[in-house]
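> after the sequence you'll find the predicted model.
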Amino acid sequence: MSRSVRLEQGSPGEDDAPLEHAVWRLRSRGCWEDAAALLAPHAAREGAAAVRRAALLVERCMFTADGWAEAEDALRTAEALAADDVLRGSAACERGHLAYASTVLGVRDRTDEARSALGRAAALLPPASPGRAALDFRRGLLAEHLGDSPQAARAAYRRAHAGATADGDALLCSFTWRHLAGLALRDGELTEARHGFAESLRLREELGFLVGMAPALAALADVQPEPEAARLRTEAQRLFRLLGGVPTWLAPRLAAA
């Protein structure tokens, strides 16, 4: 898959175009609408840009529980412009992620749509495509949170982690570390969980993925002794307020801390 389709990647490298840097800066600070607006002229006629724009707006839904109509419109455009299996598979992967977000955030149960869309993506994306890592990660999310199958989720996260590592996708690695750590904590493996949460936080700090920092800090706080846990929670609360209460699903957890 071309780099322009891959939203899960880390911050752009030195050789990337100025547009990529601008989109990353906005996205990493939770300014998804502004980032999507930068891609809009290209997304109106280019399939890869249309998928990337849709992915940004789907991510906004996941973090804010808002913007569903805009994400749906962007996905329809991406699906209409997809001219090959890679683009069609990428668009299907984003549709599956949107349906998952709607379900897990309690907006509307779209479990069947999520499974169908991710299954379609699996059939379309070539085995060696970089997009397979993000697809494996999202299939892990479905298995863990909608299928109550931690073993299947762990296997999917491990495949995603291996793929992301091979692709040099540090941001996706930060997600796979975090979710593998969550499963380890569920099994009582505290040392493994602490390592995974710490790696997730480290990668987000290195990438400057500010909008993902509060959840990483809060997760690591849960497995650290005091007073370090309190320091991490305080920093998570500070960043959460700085970003205007994003991600919204983190609010109850920080309020209870």
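That came in fine, so what should we check first? Remember, it's a predicted structure, so these values are computed and weren't measured experimentally. Numbering: from 1, shown residues only.
> any stretches of the stretch 151-257 of the chain with poor pLDDT?
For the stretch 151-257 of the chain, the stretches with pLDDT under 70 are 257.
> swap in the stretch 1-150 of the chain?
Using pLDDT under 70, the flagged stretches of the stretch 1-150 of the chain are 1-16.
> in stretch 204-219, what counts as buried?
204, 207, 209-219 (16 or more other C-beta atoms under 10 Å). Heads up, the C-betas are built off the backbone N, CA and C, glycines and all.
> could you work out the most separated pair of those residues?
Leu207 and Ala218 (18.1 Å; C-beta to C-beta).
> which strands and helices sit next to whichever strand or helix holds Thr103?
Assigned by DSSP states H and E, Thr103 falls within helix 85-104. Other helices and strands packing on helix 85-104, by 3 or more C-beta pairs under 8 Å, 6 or more residues apart in numbering; DSSP states H and E, are helix 47-64, helix 68-81, helix 111-124, helix 131-141.
> between these, which one is nearest to Ala236?
helix 47-64 (14.7 Å).
> how far is that closest one from where the chain is centred?
Centroid separation for helix 47-64 versus its chain: 10 Å, with C-alpha atoms, centre = their mean, to the nearest Å.
> next, the angle from that helix to helix 131-141.
30 degrees (axes from the mean of the first three to the mean of the last three C-alpha atoms, to 10 degrees).
> packing partners for helix 47-64?
helix 18-28, helix 32-43, helix 68-81, helix 85-104.
> could you identify which of these is most buried?
helix 85-104 (a mean of 24; mean count of other C-beta atoms under 10 Å).
> quick one: that helix to helix 68-81, angle?
Using the same axes, to 10 degrees: helix 85-104 against helix 68-81 is 160 degrees.
> what's the spacing between helix 85-104 and its chain's center?
Per C-alpha atoms, centre = their mean, the centroid offset for helix 85-104 relative to its chain is 12 Å.
> what of stretch 78-93?
Relative to its parent chain, stretch 78-93 has a centroid offset of 19 Å by C-alpha atoms, centre = their mean.
> show me how this structure divides into domains.
Domains of the chain are assigned by automatic domain parsing as 1-127, 147-252.
> do you know how far Pro215 is from Arg159?
Separation of Pro215 from Arg159 (C-beta to C-beta, to the nearest Å) stands at 23 Å.
> same question for Arg108.
On the measure of C-beta to C-beta, Arg108 and Arg159 end up 29 Å apart.
> now Gln224
29 Å.
> check Glu70 too.
31 Å.
> Glu205 is in contact with Leu171, correct?
No: in this structure, Leu171 is not within contact of Glu205 by C-beta atoms under 8 Å, at 11.9 Å.
> before we move on, back to that, which members of the buried residues of stretch 204-219 occur in helices, if any?
Arg204, Leu207, Met213, Ala214, Pro215, Ala216, Leu217, Ala218, Ala219 (DSSP state H).
> adding distance to Arg139, write the residues you listed out as a markdown table.
Listed next are those as a markdown table, based on distance: C-beta to C-beta, whole Å:
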| residue | distance to Arg139 |
| --- | --- |
| Arg204 | 23 |
| Leu207 | 24 |
| Met213 | 26 |
| Ala214 | 26 |
| Pro215 | 21 |
| Ala216 | 22 |
| Leu217 | 27 |
| Ala218 | 25 |
| Ala219 | 21 |
